[in-house]
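> Okay, here's the prediction I keep looking at, along with the sequence it came from:
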Amino acid sequence: MAAPSPRGGLGDGVRNSRSAPFSLHSRGVQLLDTTRLFDAPHQIKSASRHLRDLLSSLYVFALIQSWLSLYNVLITISATAFYSFYHVDNNTVAFGLDWTLVAFVIILPMLGFTWLAFQRREEALRDLVQVKSLLLHIYLAHRDWLPSGSVSSMHQATVQQLLFSLVDGMRAYFLPPRFYSRHYPYTGVKKKMMRIATERAKLVRGITATFKKLSRSSEVLQQAGLSDVQLVHLASNVYQLQCAFERMAVIKEYRTPQGIRALARFYVVVFIPLFFGPYYAAVRVGAHSFAFSLFLAIFLNLALVGLLNVSLALEDPFDNQGLDGIYVDEALFEAEQAIAMDEDAELAGLSDQSGFKAGSGAIPAGAMMATPGDQIQRTVPLERDSDTKQELGRISQEPPLVPHTHTQSEPEDIQTMV
């Protein structure tokens, strides 16, 4: 006998769902709806939305400019004015130039390494997703893979603190920018570069030591009776977590080909505005307007500089220097909250960890993190017996992963050594 249909369902055996059984939009029904052509409120909202998008695009175009844009504008104005008013035998230096050379020598390589930088960003995002997932599931393995009471709350708190230490170490490693290529051509900065490399090595050693402790923590589960298959699965999770971190570290330290970036930077900022001045002078002769040729030169070159700045900003997706970077600090904060939260209270609409009711709109304490060295007051949702307090006290006395905490007032080169 067939099961009765749920009330309000679509038929026998079909679950009542808020989702449509098929998409009207994907079949073009809404796009071909002629009634929308005469829907004045809808058309006004659509026109207003597109206008806001256009104005936002102008705002973003201004945001992607930098000091390179100023240097480019100054060279463009000087070159255009020189070639427009400089005369040789009563003739101006004005003639047309072929932009095909610029397209193949400059723009095409820039698009190429922009694509490479974006691919590296996508790879880093995939690894960051794996880091967040593995951090939570490693903790859940230590908490839930054995019956309740098989392991002490001290062990769970120890694993939790080890995972928090990993998060702190990753935050301190990924956020500070690197300036190796900016420093090494100049004299007097070798010591700065050595200090940056030394502090980076300290962070890597601290993270590696934490991984070793995390791997050794599975011995408690083995003694409590966890099967060999589950132990192998847990060890595989720790291994995958470290591999994801190492892949992100490689993206942090190694960039796209430096020669292509140097060529693009020099040609876009200096060569094109300087040696394409005769082209803009020819535009002035044809348009009989110096202002038109000057503004055409400025905005064309600003477009090239903007493309260059977008490419350079993607080189280090973790330093929060560009519009399209990875919010690694936010992702690691979410990982911490996922580990520390009480899921029963969260599902009930209450969160003891954040101190506010779900949906209230209040910002949890510790969500605003000014610097990578900030520490979050985390609440461990475990019973604090005497053994637990003793173990947590021992962990708190161990050397921290972050050997140096900077402030906003410190010089830029010191911030890179965090």
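Happy to help now that I have it. Residues are numbered from 1 along each chain as shown.
> for the stretch 151-300 of the chain, what spans make up the helices?
153-174, 180-183, 190-216, 218-223, 228-253, 258-266, 272-275, 277-287, 290-313 (DSSP state H, counting those that start in this stretch).
> Throw these into CSV and include distance to Ala340, mean pLDDT and mean neighbour count, thanks.
Just so you know, the C-beta spots here come from the backbone N, C-alpha and C atoms, and that holds for glycine as well. Converted to CSV, the helices of the stretch 151-300 of the chain look like this (distance: least, C-beta to C-beta, whole Å; pLDDT from 0 to 100; neighbours: other C-beta atoms under 10 Å):
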stretch, distance to Ala340, mean pLDDT, mean neighbour count
helix 153-174, 7, 94, 22
helix 180-183, 36, 54, 13
helix 190-216, 17, 89, 16
helix 218-223, 20, 93, 16
helix 228-253, 18, 95, 16
helix 258-266, 41, 84, 15
helix 272-275, 53, 90, 21
helix 277-287, 61, 90, 20
helix 290-313, 33, 92, 19
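> Figure out which of those is closest to Leu54.
helix 290-313 (16.0 Å; C-beta to C-beta).
> ok, and for whichever helix or strand comes after the closest one, which residues are buried?
Counting by DSSP states H and E, the next helix or strand C-terminal to helix 290-313 is helix 328-340. Under the neighbour-count criterion of 16 or more other C-beta atoms under 10 Å, helix 328-340 has 328-329, 331-333, 335-340 buried.
> okay but Ala79 is in contact with Pro273, surely?
Yes - between Ala79 and Pro273 a contact is recorded at 5.5 Å, counting by C-beta atoms under 8 Å.
> Give the residues shared as contacts by those two.
By C-beta atoms under 8 Å, 6 or more residues apart in numbering, Ala79 and Pro273 have no common neighbours.
> what residues does stretch 38-51 touch?
Here stretch 38-51 has contacts from 36-37, using C-beta under 8 Å, 6+ apart.
> Adjust the sequence numbering to begin at 749 for everything that follows.
I'll keep to 749 as the first residue from here, and by that count the last item is stretch 786-799.
> where does Ile1143 land on pLDDT?
pLDDT, Ile1143: 42.
> try Phe866
On the pLDDT scale, Phe866 gets 91.
> Tell me who's in contact with it.
Phe866 touches 1062, 1072, counting by C-beta under 8 Å, 6+ apart.
> List the buried residues of the strand or helix carrying it.
Using DSSP H and E, Phe866 falls within helix 856-892. Buried positions in helix 856-892, judged by neighbour count with 16+ other C-beta under 10 Å: 857-858, 861-862, 864-865, 868-869, 872, 875-876, 878-884, 886-887, 889-891.
> Check this protein and tell me which residue is nearest its centre.
Ile1074 (0.5 Å; C-alpha atoms, centre = their mean).
> Model confidence score at it, please.
92.
> List the residues that contact it.
Taking C-beta under 8 Å, 6+ apart, one finds 869, 872-873, 876, 1065-1066 in contact with Ile1074.
> With Leu822 instead?
With C-beta under 8 Å, 6+ apart, Leu822 has no contacts at all.
> rerun at 10 Å
Residues counted as contacts of Leu822 (C-beta atoms under 10 Å, 6 or more residues apart in numbering) are Pro1021.
> In a helix, it, correct?
Yes - looking at Leu822 with DSSP: H, G, I helix; E, B strand; the rest coil, it is inside a helix.
> That one and Leu1048: what is the separation?
15 Å (C-beta to C-beta, to the nearest Å).
> Asp875 now?
In terms of C-beta to C-beta, Asp875 sits 38 Å off from Leu1048.
> cool, and Phe1023?
Phe1023 is 14 Å from Leu1048, by C-beta to C-beta.
> Any regions of the stretch 749-898 of the chain where pLDDT drops low?
749-782 (pLDDT under 70).
> Show the residue spans covered by the strands in it.
Under the criterion DSSP state E, counting those that start in this stretch, strands of the stretch 749-898 of the chain are mapped to 835-836, 839-840.
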